[in-house]
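# Got a predicted structure plus its sequence, pasted below:
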Amino acid sequence: MPTSAISLIQWLNKGEYRETQAVLASFADEANTDEVRIYHADVLTNIQAHDALRTWFGGGNSQYCFIGAHGVPGPTGAAIGIGASSDATEFVEWQDLWNWFAEGNLEGGLWLGACKSSDAAAALSPFLKSVYTAIPHIYGFSEPIYPAEIQQILSKLIEFTRLDDFLWLDEELAQLRAAVPDTKIELFYPASTKSGPREYMNVDDMPKKINKTFRELLEQIEESRRGQ
């Protein structure tokens with residue numbers, strides 16, 4: 001029986017981006033095969049979003065989670081969470097989002113659409129102090145993303161779930177960027193800064209921030225794991 005390695009959660013108001021929601025819902029249904037499935041949910045409230053994640057995690061093999069939502073601004077203008085709106089029942093704060101993912105086992109990345117990914121990475125970085133990293137890495141976009149491009153990305157993610165050979169994360173990023181060359185995909189990966197604290201760091205900034213390329217960091221981590 002196929003598992004849903006990929007989840008597509010559209011967390012938007014029902015009258016918003018109607019065409020986008022319809023196109024992606026149809027794509028998710030048509031992309032399902034005997035080998036891999038996309039779990040799809042349209043949600044409005046934080047309870048519905050939480051339940052959707054629980055359902056997806058319950059199936060196992062949770063590799064990629066794509067959430068289309070808005071960044072919800074706080075008093076300072078910085079996003080305090082994501083959701084359909086700023087209504088208290090329709091968004092989740094960052095701490096609770098982290099806790100939601102801590103309930104499951106996300107093996108790959110959290111994709112955030114319709115939300116400035118750099119803001120999300122900065123907001124979630126303080127939670128990296130915990131022993132368990134609930135979100136291995138964060139993918140996002142520095143500019144608006146459209147249905148056709150999301151479909152291309154989901155198609156690549158499906159392809160990745162079928163690979164028998166090991167694929168380095170920097171190679172995954174390169175293939176995703178090649179699939180949507182007109183869209184700036186950003187990847188934020190946990191790394192210790194020169195001053196010590198870990199943060200979700202934009203991998204393109206690593207050479208100047210930690211004096212290592214992303215591949216060098218990945219190889220260092222892999223070598224350390226093998227030595228344990």
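That came through fine. Numbering: from 1, shown residues only.

# Mind pulling up the pLDDT for the residue of the chain most remote from its centre?
Distance from the C-alpha centroid of the chain, by CA atoms, centre = their mean, peaks at G227 (29.2 Å). Looking at G227, its pLDDT is 76.

# And it, how far from I210?
Look at G227 and I210: by CB to CB, to the nearest Å, they are 20 Å apart. Using the backbone N, CA and C atoms, a C-beta is placed for each residue, glycine as well.

# cool, Q220 as well?
10 Å.

# Looking at the two, which one has more neighbours?
A count of neighbours by other CB atoms under 10 Å puts I210 above the other of Q220 and I210, at 16 against 11.

# does the residue nearest to that one when sequence neighbours are not counted count as helix, strand or coil?
Counting by CB to CB, 6 or more residues apart in numbering, I210 lies nearest to A191, which is 5.8 Å off, once chain neighbours are set aside. Counting by DSSP: H, G, I helix; E, B strand; the rest coil, the backbone at A191 sits in strand.

# what do you get for the one 5 residues further on?
In terms of secondary structure, G196 is coil; the call rests on three-state DSSP.

# Mean pLDDT per helix and strand in this protein: which one sits at the bottom?
Lowest by mean pLDDT, DSSP states H and E among the helices and strands of the chain is helix 18-31, with a mean of 63.

# that older thread, quick one: the residue nearest to I210 and D205 touch, right?
No - using CB atoms under 8 Å, A191 makes no contact with D205, being 9.6 Å away.

# Pick out whichever of these two has more residues nearby.
Taking other CB under 10 Å, A191 and D205 do not tie; A191 has more neighbours (20 against 12).

# re the thing from before, where's the residue farthest from the centre of the chain relative to F166, distance?
With CB to CB as the criterion, G227 and F166 are 18 Å apart.

# same thing with I210?
Using CB to CB, one gets 24 Å for the distance from I210 to F166.

# how deep is A120 tucked in, by neighbour count?
Applying other CB under 10 Å, we find 25 residues neighbouring A120.

# List the residues that contact it.
71, 79, 82, 94, 112, 138, 140 (CB atoms under 8 Å, 6 or more residues apart in numbering).

# residues making contact with the host helix or strand of the first one?
Looking back up the chat, that one is G71. Using DSSP states H and E, G71 sits in strand 70-73. With CB under 8 Å, 6+ apart as the test, strand 70-73 has contacts from 12, 79-86, 91, 114-116, 119-120.

# change it to 6 Å
79-83, 86, 91, 114-116, 119 (CB atoms under 6 Å, 6 or more residues apart in numbering).

# buried set for it?
Residues 70-72 are the ones in strand 70-73 that count as buried (16 or more other CB atoms under 10 Å).

# and what of stretch 213-222?
Neighbour-count burial for stretch 213-222 [16+ other CB under 10 Å]: 214, 217-218.

# quick check, T89 in a helix?
No - T89 is assigned coil when assessed by three-state DSSP, not a helix.

# Quick one, grab the pLDDT at the nearest residue to it once chain neighbours are set aside.
Using CB to CB, 6+ apart and skipping the chain neighbours, the partner closest in space to T89 is T45 (5.1 Å). pLDDT recorded at T45 is 97.
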